[in-house]
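**Student:** give me coordinates for this.
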Amino acid sequence: MGIKFSKIFFFILIYLSSVLCEENQKIKICIKQQDMTDSVSFEYWENYKNELKNYFAEKVKDNEKLNNYELDIYFYPYLVETDGQSKIFDYINNLVDGLSNKEYDMIILDERILFNDIALMESEWIYKNINYRQPSLELLHDLSEYINKKDLNFHDPKVLSYGMNENKIYGIPFEYDFDVLYYHKDGEISNENSDTLTLIENMEDYTWESLLKQMDKNGQSLRVSLSDDNDLLNFIIEYTSNNYKLSVKNNPNYMKLFYNESSSTYYTKLRDLVKSFSQNKDVKSAIESTLNDAYNSFLAKNSTFFKAKASHNFLFKSKYGNDGIPLSLPPKYQSATTNKYLVANKYSDIKPDLLAEVALILTDKEAQLFRAEKYGSIPTFDFTKKDSDQYLQDYCNNNPVICDAMDKMEKLYIRDIFSSDTMVPFYEILCFIPIRFKNYFLSNDLEYIKSSLQNVNEFVTSNLGIYGTLSKISVLFVIGFCCYVIFMTYILKEHPYIKVMSPPYCNLIVIGCILNMIKLMKFNPPYTLKKIKTYLFIETLSTSLIFIPMFVIIYRIYYIYKTKSLPKKSTYKTLFLICVIAAIFVGVIYNVAIIFNNKFYYETVGSVSDTRIPIGYFSNYETLNKIYNGYLTIIFITIFIMAIYTGTLSKRFLDISYIFVIYTTNIADYIVERLITRLKGSMYYPMFILLIVLFHCIVHFNCVYLLIGLRIYFIKKNPRYNFDNIYNTNVAQLIPLKYKTKTMSVFRRFSVLSSTSSFNNNPSIRSGGASGYNTNYKAGSQAAASFKTSNSNIRNIGVTSFKSSNTNIRSIPHQDF
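**Tutor:** All right, here's what the predicted structure looks like:
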């Protein structure tokens, strides 16, 4: 009885513990620490946390699924950069660790972090540093299954789009923000206040340069925070947008203004402007200035304006009220925007449907208006619907200055500006570009900053100049040579010296070599996912067309050496043809299946610091590629073993050594691929590309030439030789390529001289039916000439004329082949 009671008591304890745990279960939300920590009290942000927790508790008190949860707000201690190292890089890495280790259930991210790893040109640098190829997709929940998109229609469409990828919802819009200039509004009548109001009135017409010039005339100063990488990036884009249209619609090549010939003037003026932000024109002091420093200078009236976010309006509300906040938009009314999103951790122990519901509660209209009233945050509403939406009307009635600014401003979307099919992921922009601008401001090294921006936007293969042209000419020359060989092989297919090598399969190999040459073009623009798929098919087909037919040719040579005759046509046309087609299509079908069932992407080798080059990949690349390479390895080994065994049947192994030349194409492919993608050539890279392409061309030219081109050349240069006797007696003598055959001019002279001297000086040969040779040599020459004019069948060159005169031309001895 006691044992039974103890068991019951034990289960009751477990049940009560689980209930208590449920009641106290927390949803941990990570928020980046608010800036201006020195100027805003700790108690202020503690109140923010408590207000948000209480708001959520009130909203879910009657929700059976969520009333056992409470919010646990964690502020990530984000410090501004003062040591030359990217703080954003550390921030992203720590977020990734926190998500994978389940430290956070949800995170509030801005659009510069969310999906900053997503681009057509993905970066190997991201994977090397955080061990995820696309952390946004691999670590965050797709909430589309749990959220009706109609419930999000009140958000600004542009803001909402930044939280989606491929029409899937990952981030729910949480807050909106943009850059503004706060100014002093003391009500005093003074020249300084009068000058400031004049500046405000004309702000839409000013550029940053003209504004600073006018302020300098007025004796006014300006301190701007540039230590934070985002603030610096915002300022650079706002400054640049004053003079240039940074959009594809207005200028498809707008990124080139950062590294073209006129960019030197742009950078010099920008650096001079930055220097003016410090009291003693010290550029180091200017780029190390924090938002706290700028705010303190503003309060001390050492700065006419305080450049900050619209959400910093809470600093001025208590003094001026909602309708009197002294702010203006930046020059030209061009302002960089920022959007924040609430995202859910894929590895959280809390069910995703609950996290989605929490996200909707914290981002709906009421929640956003609550935070706007309490802490000055800007809602993500679609303000074009202001006339028909009471929530928007209420907000604008309470915050007329903010709404007026949003109506007037030209929004600058930083992510869109640094986004194109060739550009690095925005992750690298954040981690590298602000630091590089700071280094330029310090060093005044123009080439340093220009090359950085060029590497951001272009690949090293984009501008090869004359070297690129010469490379293409070289490739076209070899392709033209291959096409000529294919044509001549077909024309001469019945000639004994060609027929022994199986002309159809030789042509397949040559076609494979042509495709191998074409695939070099995959490194040149334009770059699309369809292009990756196309070249994967070309590479597969070229490899199959080179090595599978080569196996047939080797077997054919083996058969000839073994039987001293050609394979029977029935066997040749059925067994081998079926096997060849099947073997070729095994690899092709395998990769076609990959094309239709896998996701393709580019990954760039290099980074902003180095030249970049794109390489096409597909999902599960390593595993699937290993399987395909295993299949190819079996083929290579089989061909190699067959070639070795065939070599043992010939009198001299070197007689068939030319068949191993085919392996050089595979070796060359490997070398060329590695050299193109791994060389760090900087200004010499185009020349390196030309040398690499020439190497590739020479290898394939030699392969085709030694395989079949040399035989064609021999036949064209020696049309009088009779191959029929050898073909009908010992066809194996037609297989080897000996030294004298390769050295055509020497061989031809040797052959003619040896033929003449043998018949004239050797009595045994003359007595063997060669009488009348001198009288009939002319007939043979005429027959050869007749071939050139009538294009008669190559196999019968000189044969008909010689037979008609009963002259037996001396056959080419075995050692000459």
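
**Student:** CA only for contacts and neighbour counts going forward, please
**Tutor:** Noted.

**Student:** what helices and strands are in contact with the helix ranked longest in the chain?
**Tutor:** Using DSSP state H to define each element, the chain has its longest helix at helix 529-563. On a contact count with 3 or more Cα pairs under 8 Å, 6 or more residues apart in numbering; DSSP states H and E, helix 529-563 meets helix 503-518, helix 577-597, strand 600-605, helix 621-649.

**Student:** quick one: closest of these to Q393.
**Tutor:** Nearest of the helices and strands packed on helix 529-563 to Q393, taken as Cα to Cα: strand 600-605 at 45.3 Å.

**Student:** now do the closest one: everything it contacts.
**Tutor:** Residues outside strand 600-605 that contact it (Cα atoms under 8 Å, 6 or more residues apart in numbering) are 120-124, 529, 532-533, 612-619, 677-678.

**Student:** now those residues: which count as buried?
**Tutor:** Buried members of these, scored by 16 or more other Cα atoms under 10 Å, are 120-124, 532-533, 612-618, 677.

**Student:** just the strands in the stretch 301-450 of the chain please.
**Tutor:** With DSSP state E, counting those that start in this stretch as the criterion, the stretch 301-450 of the chain has strands at 305-309, 327-328, 334-344, 410-412.

**Student:** please name the nearest non-neighbouring residue to G324.
**Tutor:** V401 (7.2 Å; Cα to Cα, 6 or more residues apart in numbering).

**Student:** that neighbour and G321 touch, don't they?
**Tutor:** No. The pair V401 / G321 is not scored as a contact, 10.5 Å apart, by Cα atoms under 8 Å.

**Student:** looking at these two, which is more packed in?
**Tutor:** More crowded of V401 and G321, by other Cα atoms under 10 Å: V401, with 18 against 14.

**Student:** tell me the domain boundaries of the protein?
**Tutor:** The chain is divided into the following domains under automatic domain parsing: 467-717, 724-816.

**Student:** quick check: longest strand of the protein.
**Tutor:** If you go by DSSP state E, the chain has its longest strand at strand 171-183.

**Student:** pLDDT on that strand, on average?
**Tutor:** For strand 171-183, mean pLDDT is 96.

**Student:** next: stretch 373-389.
**Tutor:** Averaged across stretch 373-389, pLDDT comes to 91.

**Student:** narrow the contacts of strand 600-605 to those in strands?
**Tutor:** Within the contacts of strand 600-605, residues falling in strands by DSSP E are M121, E122, S123, I613, P614, I615, G616, Y617, F618.

**Student:** okay, now the residue lying closest to K531 once chain neighbours are set aside: neighbour count?
**Tutor:** Nearest non-adjacent residue to K531, counting by Cα to Cα, 6+ apart: K522, 7.4 Å away. As a burial measure, K522 scores 17 neighbours (other Cα under 10 Å).

**Student:** over to S443?
**Tutor:** Residues lying near S443 (other Cα under 10 Å) number 11.

**Student:** give me the pLDDT value at it.
**Tutor:** If you check S443, the pLDDT there is 94.

**Student:** separation between the residue nearest to K531 and N516?
**Tutor:** 11 Å (Cα to Cα, to the nearest Å).

**Student:** among the domains of the chain, which gets the worst mean confidence?
**Tutor:** For these, mean pLDDT drops lowest on domain 724-816, to a mean of 41.
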